[in-house]
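*Asks:* Generate coordinates for the sequence data below:
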Amino acid sequence: MLARLDYDQENRKPEEIRRELDQELEVDLWQAPVTTVTTVRDDGTPSWWVSDEEASQGFLASVGVSL
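*Replies:* All right, here's what the predicted structure looks like:
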């Protein structure tokens, strides 16, 4: 859709035309696929450790438990 936008319409700015497309597609309502999680590690925690939740889910998956 972006490749087909006509930026020469009535001497309008590209930003304005792009903003209208975003409004038409309701881009502001889209959810981001990834959220950032900050992990605080205690002293002595191995560098490969992600989190207690990840460890728990990994263990459950390894023993065949699916929640």
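*Asks:* State the distance from Leu25 to Arg41.
*Replies:* Applying C-beta to C-beta, to the nearest Å, the value for Leu25 to Arg41 is 40 Å. In this view, the C-beta of every residue, glycine as well, is placed from N, C-alpha and C.
*Asks:* Ramachandran coordinates for Arg4?
*Replies:* With angles defined as degrees, to the nearest 10, Arg4 sits at phi -90, psi 0.
*Asks:* What is the burial count for it?
*Replies:* 5 (other C-beta atoms under 10 Å).
*Asks:* From Ile17, how far out is it?
*Replies:* 11 Å.
*Asks:* State the pLDDT value of Val40.
*Replies:* pLDDT for Val40: 71.
*Asks:* Same check on Asn11?
*Replies:* For Asn11, pLDDT reads 74.
*Asks:* With the one 5 residues further on instead?
*Replies:* As predicted, Glu16 sits at a pLDDT of 83.
*Asks:* And the helices in the chain, which stretches?
*Replies:* Under the criterion DSSP state H, the chain carries helices at the ranges 14-24, 52-62.
*Asks:* Nearest approach to Val34 belongs to which of those helices?
*Replies:* Comparing these against Val34 with C-beta to C-beta, the closest turns out to be helix 52-62 (15.0 Å).
*Asks:* what comes up buried for the closest one?
*Replies:* Along helix 52-62, not one residue counts as buried under the neighbour rule (16 or more other C-beta atoms under 10 Å).
*Asks:* chain center to that helix, what's the gap?
*Replies:* Mean-position distance between helix 52-62 and its chain equals 23 Å (C-alpha atoms, centre = their mean, to the nearest Å).
*Asks:* In the chain, where is pLDDT below threshold?
*Replies:* Scanning the chain for pLDDT under 70 picks out 7-10, 35-39.
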